[in-house]
Every structure is written in structure tokens, then in C-alpha cells.
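*Asks:* show me the folded form of this:
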Amino acid sequence: MKQMKKKILVVEDNLLLSGILRKWLKQADYEVLTAGDEPTARKLICKCPPDLILSDIRLPVGDGIRLLQWVVGENFLHIPFVVMTEFASYPDAVRAIKLGAVDYLHKPVHREPLLELLHEILKSPVTSRRNSPRLQRNSRRIREVERIARKVAPSDMSVLILGPNGSGKESVAQIIYEYSLRKDKPFVAVNCGGIPKELGASEFFGYVKGAFTGADADTPGYFEAARGGTLFLDEIGTMSHELQTSLLRVLQERVYNPVGSRKMQEADVRVIAATNVDMQRAVDEGNFREDLYHRLAEFEIRQPSLAECPEDILPLANFFLNRSCGELKRGFFKFTGEAETALLSYHWPGNVRELSNRVRRAALLAEDTLVSCEDLGLDEAYFCNGMFNRTTAGLKDKAEERKRIVMALQTTGGNITRAAKLLGVSRRTLYNRMFKYGLK
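*Replies:* Predicted coordinates:
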């Protein structure tokens, strides 16, 4: 069956850049729509929804951030949104990621990075893999999550993983898979947010030749691809009502019909789902079926945010730095003390994914083998309420002093030098305070 071209909407008021982007995308066999402002973009999205939106943040009428908020609010969540930004407006890119953009590109945009990014985003929403590498994290909360995941793994219970975007929910799903009795069968991950509702049935259940125009051959769906193994449904909270009903029926009866066929197929899969949506609220507001929620949530696991696991920040940052330097062929780099303090003080609204992106950016910008605070480009709005604010005059609030010391020591894994820097005091002062409160 001939594959339809992916459709890209380019929202850019600079006619020269818009023309260049259009040319590159057409050469890469994409269909291209263009808009020069927010109102025009909205009309095009409603009339002919694209497969991806590539938008500048600064527009003559409206802006990219408001367009992104509208896209999310109008239930176009399945359309990936990529922002283009100048280095000077980097905080806007961070805000866009927090609001739901999948990635950002710095201007001037270059052809190869653009096409690589679009290819990565627009590849099939289903992936099948075994034993994919996982990040090694050692914080107490993550170790507890992993312990629970290993505990539930040998059963065939449906598991619902709750947690914010970018926190590593798929890593939890992979732990369950790797310790399950189905570990030698496929692990199929599906991004539910990337599946248009009109294609849901054929994507999940497959179809037979002649089922509809263009169905030139029997084609298996996700349930068949995961037969005997694990089906991981990411972003389950974005699933359409029609597909929710179909999925519930399959989970109840353990059989399904491919589109256009009367022959029943066995649904021999273990289902793991994940979402950043408040599911109880979604149920209360009528956006998600209560019976399906209970089917999926036979066992719930909550994945904490990166800010809740401060002990993981520096080890992960160093891992990402080494990996990025290798990929970018930049040699060996390390963080300055001030950069480490900034990493520990930042709230990380985009979680592990944002940390990875920030460090990769820094690896590209850094000079003289040292990564500075400026290279990281952290948004001042997301530092942690002054808990570790280096501009404060040491430890003066007696009521909070012990709590802050304990948190700093936990955050730095007991490293006195880093904890002192984090608190804005000398090592000697920190030792004295630790002695005062009986901390070892």
C-alpha cells in the first residue's frame, strides 16, 4: 500500500526562511502548508490538520506560544508541535516544552538537524524493542518504584504508570517487562497521542485486504505485533472515546476482530499504560471511561518527578554530558562547581527529558572543556523557591536550618563540598552546623 506523505505546517512570517523550509521539506517528500501568523495557522489546522506543526515563537499577529496553547486546548494533542527560536528567546522554548511542545530548533535552522528531528518525531507511533538500555538511577524514591515494578512483574496484572512528562515512565514499563514471564516475547510501545481517532481501530487491531480503499494486503495491528508479549500504551489519557470503547471490549473479552474480518483473534498481551493526566479527574469530567480506567489500573505505580529525586540529578547530568560529548565529538567536558549548584537548584519542569536536552545544548556551547551555568541556559523562573539560593546570606533561618542541611546532604549524596556550595556557606560552617544538629 502506498504510504501517504506526511503533512507539515510551517508557521513563519519571514518569507525567505519560510521558502527555504518549504523547499527542504518538499525535497524530503513532505507535503507542506505555510502560514505567516497565528490566525492563518489556526484556520489551516482546523481545515486540514497536519501531521506536525513547525512554528516560530515570534509572529506579527499572535505568537507561537499562544498557538501551542490553542492546539492543546482544541484537542489537537496528537499533532506534534516544534518551536523555532533565537538563542535570546531560549526561555520561551523552555516554556513551550512545558506547555506540550515536543522539541525546539534554534535559528538559524539547518537542513540536516531539521530533517533528522522530523524523521524521529514522525516515525511510526509504534516501536518494538527488547532490552533497551535504561538509565541507572539510585535515589531512594526511584529504587522504591523499581522494587514495586519488579514485584508486580511476574503477574499478568494490567499496570497504570502515573507521572509527569519526561519523568521516565517507559523505563518503569521496561523493568516490568524485563522481570515478567513474557520477557522473551515482544515489547511494543505505542504513543496513543500520535494516533488519529479515525485510524485507531486499524492501527490497534489490523485489517484485511479489501477492508477499505487502499487496503491492498492483510496488515497486522499492535495487538498482533505484541502477541505473547507486552503492549505499552503511552499517553493513554489522550485516547479518543471511540478507541476507549474498543480497547475496553478487547480487555474484557480477550479477543478482537481485524477491520473487515469476522474471524476472531486472541488478544494474548499484557497491557501496561502510562499517562501524565490526572485520571480520576478525567473520569469525573467524562473524558475517560471509568470502567476502562479500572481495567487498566489493576495496579498503579507513581513515577516521581526529577525534582523529587535530587540525588539523581548530578549522576544523570554527567551521564548525559559524556554521551553528548561523544555524539558531538567534543572530547571530555565537565561541569563547573557553579553549574553543578545550578543543576541541583533548578526545578526541572521537563524532568529527565529536559535535563538531557539542556546538557546536550551545553555540550555544544561549552568552551575550554568546562560547562558553565550560562551554557545550560536555565530559566530563572524555575529555581526552587530559594531553598538553595546562592544569593541568600548563608543559613540564618533557624527554623528551617536543619531541614535545609539535611536536604542539601541528600541532594549531593553526602558530598560536603557540594552541599556547602548549595547552601552558600563554607565547609567549616557546614561542619559546625552538622555537629550542632547531630548530623553525620
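
*Asks:* for Leu370, give the beta-bridge partners.
*Replies:* Note on Leu370: beta-bridge partners by DSSP bridges are Lys334, Glu367.

*Asks:* I'd like the distance between it and Leu378.
*Replies:* 16 Å (C-beta to C-beta, to the nearest Å). Glycine gets a C-beta too; all of them are placed from N, C-alpha and C.

*Asks:* before we move on, what about Leu243?
*Replies:* 39 Å.

*Asks:* neighbour count: those two, which is higher?
*Replies:* Neighbours were counted for Leu243 and for Leu378 using other C-beta atoms under 10 Å; Leu378 has more, 23 against 20.

*Asks:* who touches the nearest residue to Leu181 once chain neighbours are set aside in this structure?
*Replies:* In this structure, Leu181 finds its nearest non-sequential neighbour in Pro154, 6.0 Å apart by C-beta to C-beta, 6 or more residues apart in numbering. Shown in contact with Pro154 (C-beta atoms under 8 Å, 6 or more residues apart in numbering): 179-181.

*Asks:* show me which of those residues is closest to Thr238.
*Replies:* Ser180 (25.6 Å; C-beta to C-beta).

*Asks:* okay, and the closest one sits in which element?
*Replies:* Under the criterion DSSP states H and E, no helix or strand holds Ser180.

*Asks:* return the residues in contact with the closest residue to it other than its chain neighbours.
*Replies:* The shortest distance from Ser180 to any non-neighbouring residue, by C-beta to C-beta, 6+ apart, is to Ala153 (4.6 Å). By C-beta under 8 Å, 6+ apart, the contact list for Ala153 reads 175-180.

*Asks:* so which of these is the closest to Thr411?
*Replies:* Ile175 (24.5 Å).

*Asks:* circling back to that earlier point, how close does the residue nearest to Ser180 sit to Pro186?
*Replies:* From Ala153 to Pro186 the distance is 16 Å (C-beta to C-beta).

*Asks:* and if you look at Val271?
*Replies:* Taking C-beta to C-beta, one finds Val271 at 13 Å from Pro186.

*Asks:* over to Asp284?
*Replies:* Asp284 is 35 Å from Pro186, by C-beta to C-beta.

*Asks:* tell me which of the two has more neighbours.
*Replies:* Pro186 (18 against 11).

*Asks:* the more buried one - nearest residue in space that isn't next to it in sequence?
*Replies:* In space, Pro186 is closest to Gly229, 3.9 Å off (C-beta to C-beta, 6+ apart).

*Asks:* any idea where the helices of the stretch 201-350 of the chain begin and end?
*Replies:* For the stretch 201-350 of the chain, the helices defined by DSSP state H, counting those that start in this stretch cover 222-225, 241-253, 279-284, 290-296, 313-328, 337-345.

*Asks:* other residues contacting the fourth one?
*Replies:* Helix 290-296 is contacted by residues 158, 160, 233, 236, 244, 247-248, 251-252, 271, 273, 279, 282-283 when judged by C-beta under 8 Å, 6+ apart.

*Asks:* and the shortest one, by the same measure?
*Replies:* The set of residues external to helix 222-225 that reach it, using C-beta under 8 Å, 6+ apart, is 126, 128, 186, 188, 190, 203-206, 231, 250, 256, 265, 267, 269.

*Asks:* now with 10 Å, please.
*Replies:* 125-128, 186, 188-190, 195, 203-206, 231-233, 247, 250, 255-256, 258, 265-269, 271 (C-beta atoms under 10 Å, 6 or more residues apart in numbering).

*Asks:* so what's Thr369 up against?
*Replies:* Thr369 makes contact with 325, 330-334 under the criterion C-beta under 10 Å, 6+ apart.

*Asks:* state the distance from it to Leu378.
*Replies:* Looking at Thr369 against Leu378, where the rule is C-beta to C-beta, the gap reads 20 Å.

*Asks:* now Tyr222
*Replies:* 39 Å.

*Asks:* ok, now Val109?
*Replies:* Val109 is 23 Å from Leu378, by C-beta to C-beta.

*Asks:* touching, Phe335 and Ala317? I think so.
*Replies:* Yes: look at Phe335 against Ala317 with C-beta atoms under 10 Å: they come within range, at 6.8 Å.

*Asks:* now do the shared contacts for those two.
*Replies:* By C-beta under 10 Å, 6+ apart, the residues touching both Phe335 and Ala317 are 343, 359, 362, 371, 376.

*Asks:* now do the strands in the stretch 101-250 of the chain.
*Replies:* 103-106, 126-128, 159-162, 187-191, 230-234 (DSSP state E, counting those that start in this stretch).

*Asks:* among these, show the one with the smallest mean pLDDT.
*Replies:* Among these, strand 126-128 carries the lowest mean pLDDT, a mean of 54.

*Asks:* just give the nearest non-adjacent residue to the residue nearest the centre of the chain, would you?
*Replies:* Nearest to the geometric centre of the chain sits Gly166, at 3.5 Å (C-alpha atoms, centre = their mean). Nearest-residue entry for Gly166: Arg353, 3.2 Å, with adjacent residues in sequence omitted and distances by C-beta to C-beta, 6+ apart.

*Asks:* show me the contact partners of stretch 262-269.
*Replies:* 156, 182, 185-186, 188, 204-206, 208, 220-232, 247, 249-258.

*Asks:* please identify the helix or strand for Met83.
*Replies:* Heads up, residue 83 is Val, not Met. strand 81-85.

*Asks:* and the helix or strand just after that strand, what does it pack onto?
*Replies:* With elements assigned by DSSP H and E, the helix or strand that comes after strand 81-85 is helix 90-99. The contact analysis (3 or more C-beta pairs under 10 Å, 6 or more residues apart in numbering; DSSP states H and E) places helix 90-99 against helix 64-73, strand 81-85, strand 103-106, helix 351-365.
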